[in-house]
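Participant: quick one: sequence and predicted model below, then my questions.
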Amino acid sequence: MGVPTSSSTDPATVVGMIEALDLATGHRVLEIGTGTGYSTALMCHYLGEDNVATVEVDAQVAARADAALEAAGFSTWTATGDGLLGHPYRAPYDRVIATCVVRRIPYAWIRQTRPEGIVLGTVGSWPWGTGLAKLTVGDDGTAEGSIVRRASFMQARAQAVAPVAGDLSARTAYADSERRSQMSPLVLEEWMPAFLAQLAAPGVQFVRATGRDGSPLRYLFDPEKESFAEFLVDGENWIVRQGGPVALWDVVERCLVAWQDAGAPEIDSVRLHVTPTSHRYWIDQAPSLRWEHRIA
Ligand SMILES: C[S@@+](CC[C@H](N)C(=O)[O-])C[C@H]1O[C@@H](n2cnc3c(N)ncnc32)[C@H](O)[C@@H]1O
């Protein structure tokens, strides 16, 4: 079961992320999500305070972190604002690290990183099924790399998804199709299938509920596309009702079947290429597992 019960960040997670940055003396770093200032302090200690800039969206949190950093002896470049814009005033950076989760890597981070520099951030929009992307910026202004491991943090504020709630029966009133599901939707409670579902159907949300008779109910919703899949237990099986212009479960199930057929590769098999207009994800050993999320 991959569903976390808490979104708190432990110091080991932050240290592990900093280790993945491959820092070297003289590097200039931009951090998104100052939080307590703990990770900022570690990087200031290693690189020197002049080489670290950090952006925090929450003014109170930023003020507390600033005071804590000063108390620890670091007068670093702290800024309050939306870190999805990066921090152009100190660019270019050798490293950009985000300790909050983004639906997609903002191109501003890549634009503000030198060629051969690294951008490290967690991608996804669910509380689980998110992955740490490590990208190297190329001379052509695009960035490429892979998902190096599972990772979870709080969602970046400007990209946070409003969870689907309220009258679920109104959302699922009009189904266009109904069939037996090939696999249990409970698979989406596992980390890698959840990650894949978000690649296959970006914008989709997974919702758990209980019917009046106590039976488990599961849903996929894409509020933007007014589409849903509702799963109902039928003995040993699940029935799926789907409605709206996108048959969400058809898309996700097809992806999960292909992933299982390819030997269920782990999250670190996923590659990612980011350009100003798109995010392209793929898995080398499974040619059908590729997705392009276009912005323009
Ligand atoms: C997990 S905490 C950061 C942990 C931090 N690095 C530490 O060592 O304590 C995530 C932080 O990201 C901040 N955050 C969320 N969205 C943001 C955004 N769009 N820009 C900048 N900071 C953001 C949150 O307010 C929160 O303080």
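Facilitator: Here it is on my side, so go on.

Participant: ok, Gln242 touching Leu248?
Facilitator: Yes. Here Gln242 reaches Leu248: they are 6.6 Å apart, a contact under C-beta atoms under 8 Å. (Each C-beta comes from the backbone N, C-alpha and C, glycine too.)

Participant: need the overlap of contacts for those two.
Facilitator: With contacts taken as C-beta atoms under 8 Å, 6 or more residues apart in numbering, Gln242 and Leu248 have 227-229 as neighbours in common.

Participant: among those, which are in strands?
Facilitator: 227-229 (DSSP state E).

Participant: give me the nearest residue to the residue of the stretch 51-200 of the chain found nearest the ligand, chain neighbours excluded.
Facilitator: When distances are taken as C-beta to the nearest ligand atom, the stretch 51-200 of the chain reaches nearest to the ligand at Gly83, 3.0 Å away. Take Gly83 and drop its neighbours on the chain: the residue closest to it by C-beta to C-beta, 6 or more residues apart in numbering is Ile32, 3.4 Å away.

Participant: which parts of the chain sit against the ligand?
Facilitator: By C-beta under 6 Å from any ligand atom, the residues of the chain that approach the ligand are 9, 14, 32-33, 35-36, 38-39, 55-58, 61, 82-84, 99-100, 153-154, 156-158.

Participant: switch the cut-off to 5 Å
Facilitator: Counting by C-beta under 5 Å from any ligand atom, the residues of the chain close to the ligand are 9, 14, 33, 35-36, 38-39, 55-58, 61, 82-84, 99-100, 153, 156-158.

Participant: picking up where we left off before, what's the closest of the shared contacts of Gln242 and Leu248 to the ligand?
Facilitator: For the shared contacts of Gln242 and Leu248, the nearest to the ligand is Ser227 (27.6 Å; C-beta to the nearest ligand atom).

Participant: the closest one touches Phe221, doesn't it?
Facilitator: Yes. Assessed by C-beta under 8 Å, Ser227 is found in contact with Phe221 at 7.5 Å.
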